[in-house]
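> Take a look and give me a structure for this.
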Amino acid sequence: MTPRHATPHAPQGDRSVIKTLGLIGAGNIGSALARLAVAAGLNVVLSNSRGPETLAGLVAELGERAHAATPAEAAQAGDLVVATVPLNTYKQLPAAALAGKTVIDTMNYYPERDDRIAELDAGEQTSSALVQRHLAGSQVVKAFNSIDFVRLFSSARPADADDRSALPVAGDDEAAKSQVAELLDALGYDAVDIGTLADSWRSEPGTPVYVQPYLPVRPEGLTAEETGRWFFEVPGVPVPVGKVRELTDTAVRRSAGDARATLA
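Model prediction:
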């Protein structure tokens with residue numbers, strides 16, 4: 001769903017390396033990224049679990065730069081590929097088609113949705129480490145998991161904007177992280193390297209950088225209907241590089257099984 005009264009402010013123009021963004025998952029985050037990518041002059045190949053024909057409306061909205069495909073086809077087409085599906089379906093990601101690719105993992109662990117994952121509940125792994133284990137032939141980079149989809153779309157700004165926000169990025173491969181930082185820049189964000197996939201918990205639900213800093217304080221006393229309108233219409237709060245570093249540096253790890261979305 002596109003937030004009302006929001007226009008992406010991503011920089012325009014051609015990109016020397018990233019020409020096509022593949023998306024496995026076309027829900028809220030995937031759709032927001034697709035809109036930003038098209039606004040930035042990139043081609044997008046969208047896919048979901050229900051089939052290309054179910055994406056006809058979104059593809060028509062996005063225009064000639066957008067195409068629908070199967071997940072394997074989107075994986076093969078993308079110079080970068082975004083995996084943005086519920087975490088409990090990560091083993092369905094097409095590992096063979098994604099081999100050799102940089103894969104952006106936007107997924108978070110929500111036990112109430114994903115059921116319990118013992119390794120995460122015990123703190124033995126991060127969710128991105130599990131994704132990397134499944135995608136052994138790919139380079140997984142965690143990004144776009146710490147901002148809600150409305151602000152992801154509406155808070156994008158050109159590189160020289162005073163109110164440009166930053167987003168945390170984590171991964172084990174430096175070249176892959178650089179490629180993802182290039183994409184963030186194209187879409188309208190600075191990137192803050194917070195370390196390896198083992199460090200990616202610093203941007204997970206329940207940490208200081210997760211969602212809330214990008215939102216103003218919600219007014220008290222709103223009805224459910226008013227809260228919904230507020231969520232979709234309120235402008236985001238700029239969170240610059242230094243603030244993201246501060247928030248991620250001060251994060252304290254707790255059991256992933258206790259993770260809850262910041263927004264009630």
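> what residues are up against the most centrally placed residue in the chain?
Central residue of the chain (C-alpha atoms, centre = their mean): residue 144, 2.6 Å from the mean position. Going by C-beta atoms under 8 Å, 6 or more residues apart in numbering, residue 144 touches 29, 33, 82, 84, 104, 106, 152, 167. Any C-beta I mention is one placed from the backbone N, CA and C, and that applies to glycine too.
> Report the separation between the second one and residue 245.
Yep, that's residue 33 we're talking about. To residue 245, residue 33 is 23 Å away according to C-beta to C-beta, to the nearest Å.
> These two: which is more packed in?
A count of neighbours by other C-beta atoms under 10 Å puts residue 33 above the other of residue 33 and residue 245, at 27 against 16.
> Can I take it that the more buried one is in a helix?
Yes - applying DSSP: H, G, I helix; E, B strand; the rest coil, one finds residue 33 inside a helix.
> How about it: what's its closest non-neighbour residue?
Nearest residue to residue 33, sequence neighbours excluded (C-beta to C-beta, 6 or more residues apart in numbering): residue 82, at 5.9 Å.
> now the contacts of residue 144 as a markdown table including distance to residue 123?
Output for the contacts of residue 144, formatted as a markdown table (distance: C-beta to C-beta, whole Å):
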| residue | distance to residue 123 |
| --- | --- |
| 29 | 25 |
| 33 | 29 |
| 82 | 27 |
| 84 | 24 |
| 104 | 24 |
| 106 | 21 |
| 152 | 28 |
| 167 | 24 |
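> wait, which of those residues is closest to residue 69?
Within the contacts of residue 144, the smallest distance to residue 69 is 13.5 Å, found for residue 82 (C-beta to C-beta).
> Identify the residues contacting that closest one.
21, 22, 23, 24, 25, 30, 33, 103, 104, 106, 144.
> can you do 6 Å?
23, 33, 104 (C-beta atoms under 6 Å, 6 or more residues apart in numbering).
> need these in a markdown table with pLDDT and distance to residue 94, can you?
As requested, the contacts of residue 82 are exported to a markdown table (pLDDT from 0 to 100; distance: C-beta to C-beta, whole Å):
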| residue | pLDDT | distance to residue 94 |
| --- | --- | --- |
| 23 | 98 | 13 |
| 33 | 98 | 19 |
| 104 | 98 | 15 |
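> what would those look like in CSV with distance to residue 196?
Output for the contacts of residue 82, formatted as CSV (distance: C-beta to C-beta, whole Å):
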residue, distance to residue 196
23, 25
33, 23
104, 15
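> ok, of these, which one's closest to residue 161?
Ranked by distance to residue 161 (C-beta to C-beta), the contacts of residue 82 are led by residue 33 at 19.3 Å.
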